[in-house]
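1. sharing a sequence plus its predicted fold:
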Amino acid sequence: MPEVSEAQVLTALRTVPDPDLGKDLVTLNMIKNVRICDGNVAFIVELTTPACPMKAKIEADCRAAVGEIPGVKGIKIDLTANVIARRPQGGKIIPKVKHVIAVASGKGGVGKSTVATNLAIALAQSGARVGLMDADVYGPTIPMLLGLEDEHLEQTAERQADGNVISKIAPAERHGVSCVSMGFLVEPGQPVVWRGPMLGKVVNQFLGDVAWGELDYLLVDLPPGTGDVTMTLSESIPLSGAVIVMTPQDVASSIAVKSLRAFQKLNVPILGIIENMAYFVAPDTGNTYYIFGRGGGQDAAEELKVPFLGCIPLDIPTREASDCGEPVLITDPEGAQSHIFHEVAGKLAQQISIQSRKFRPLMVM
């Protein structure tokens, strides 16, 4: 049998493109640590996100390409991930956070916080380091959704790049997600009665005074609309992008479009639209009902030429789990609803990787 060389392996892998980034894996510097022993080939494929929805295809394509080399007896592929940081990452305020993603809606009542919470958990379950910032100061719901209503934030010491140690707020943690919320700082049932400038101060405090540590993704659950919080966030740090959550009906779609265009005016990339409460499957008959209309999210995405990340159905167990502080990804991890959340989270991570390449030059081998 002919002897297999590393050059042959890399040449073969140059024929395998990343389906999203449009370049081959070698050019993208995604092939690591090629080892060859007696015709057995092993190497690492370093994906751009642990939530990559195309990982099975990429592995199969690599196996097929290398298998064409004469003399190859066996192939071992290890899939790892290194989330590509946007440049400049989280800016000076949160330099260890690779991506900050705004989760927004044009109006309330579309299930945005439930979607943000489950997306954060889905990304964490994929192996990513994830934070969730509840920026809805007037109506914080993340503590309830994560079962952290009795949590109180504490101080912690954090060492800075210059060696100085400063006091910061330690975020709460549940299900692998670090989170902070106004709900941790006020008594249950106590309203927050503040004018606009105070909202901006809270946003900056949650960004700069919290010990987020090293995160791949920080999801920010914004209040409905396009007011002070949205503007402060967009001006304070370089956002990797925004996700718009909407329901299918026409009135919700028109309002969601306004929110989307507001981010575009702020030069924030649109990562996609998520249609929540898209349909309802009756548990007794299995019939599907489109209670709020059909296809509004898909139509809006096509009209505005932005990605459509998927439909999430109206689901009673999801509501019940959220009310109990145990998200459906925890109570029913193998269920259909959990599968959908993982799928949408993968598409979100996919779009973040695509956007990141626009800010980062390729490293050609």
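-> That came in fine, so what should we check first? Residues are numbered from 1 along each chain as shown.

2. quick check, pLDDT for Pro283.
-> Among the per-residue scores, Pro283 shows a pLDDT of 88.

3. grab the nearest non-local neighbour of it.
-> Spatial nearest neighbour of Pro283, excluding adjacent residues (Cβ to Cβ, 6 or more residues apart in numbering): Ile316 at 7.2 Å. Every residue, glycine included, has its C-beta placed from N, CA and C.

4. so what's the residue count around that neighbour?
-> By the measure other Cβ atoms under 10 Å, the count of residues near Ile316 is 11.

5. and Asp162, by the same measure?
-> 5.

6. host element of it?
-> Of the helices and strands defined by DSSP states H and E, none includes Asp162.

7. which phi and psi does it have?
-> phi -80, psi 0 (degrees, to the nearest 10).

8. rewinding a little: these two touch, right, the residue nearest to Pro283 and Asp284?
-> No: applying Cβ atoms under 8 Å as the test, Ile316 and Asp284 come out as separate, 11.5 Å apart.

9. and the longest helix belonging to the chain, what does it pack against?
-> Longest helix in the chain, counting residues (DSSP state H): helix 336-357. Using 3 or more Cβ pairs under 8 Å, 6 or more residues apart in numbering; DSSP states H and E, the elements in contact with helix 336-357 are helix 112-125, strand 241-246, strand 270-281, strand 308-314, helix 328-331.

10. for it, what does the pLDDT average out to?
-> 93.

11. list the buried residues in it.
-> For helix 336-357, burial by neighbour count (16 or more other Cβ atoms under 10 Å) applies to 337-338, 340-357.

12. just the strands in the stretch 51-200 of the chain please.
-> 74-81, 100-104, 130-134, 154-159, 165-170, 172-174, 177-181 (DSSP state E, counting those that start in this stretch).

13. got TSV for the helices and strands packed on helix 336-357, with distance to Glu68 and mean neighbour count too?
-> Putting those into TSV (distance: least, Cβ to Cβ, whole Å; neighbours: other Cβ atoms under 10 Å) gives the following:
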stretch	distance to Glu68	mean neighbour count
helix 112-125	35	27
strand 241-246	38	28
strand 270-281	36	23
strand 308-314	35	20
helix 328-331	40	20
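
14. quick one: which of these is nearest Ile77?
-> Among the helices and strands packed on helix 336-357, helix 112-125 comes nearest to Ile77, with 22.1 Å by Cβ to Cβ.

15. dump the C-alpha coordinates for the closest one into PDB.
-> Taking C-alpha atoms only, helix 112-125 is exported to PDB below (Å, rounded to 0.1, in the frame of the first residue of the first chain):
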ATOM      1  CA  LYS A 112     -39.400  36.800  24.000                       C
ATOM      2  CA  SER A 113     -38.000  36.100  27.500                       C
ATOM      3  CA  THR A 114     -39.000  32.400  27.300                       C
ATOM      4  CA  VAL A 115     -37.300  32.100  23.900                       C
ATOM      5  CA  ALA A 116     -34.100  33.900  25.200                       C
ATOM      6  CA  THR A 117     -33.900  31.700  28.200                       C
ATOM      7  CA  ASN A 118     -34.300  28.400  26.300                       C
ATOM      8  CA  LEU A 119     -31.900  29.600  23.600                       C
ATOM      9  CA  ALA A 120     -29.300  30.400  26.300                       C
ATOM     10  CA  ILE A 121     -29.700  26.900  27.900                       C
ATOM     11  CA  ALA A 122     -29.600  25.200  24.400                       C
ATOM     12  CA  LEU A 123     -26.300  27.000  23.600                       C
ATOM     13  CA  ALA A 124     -24.900  26.000  27.000                       C
ATOM     14  CA  GLN A 125     -25.900  22.400  26.600                       C
END
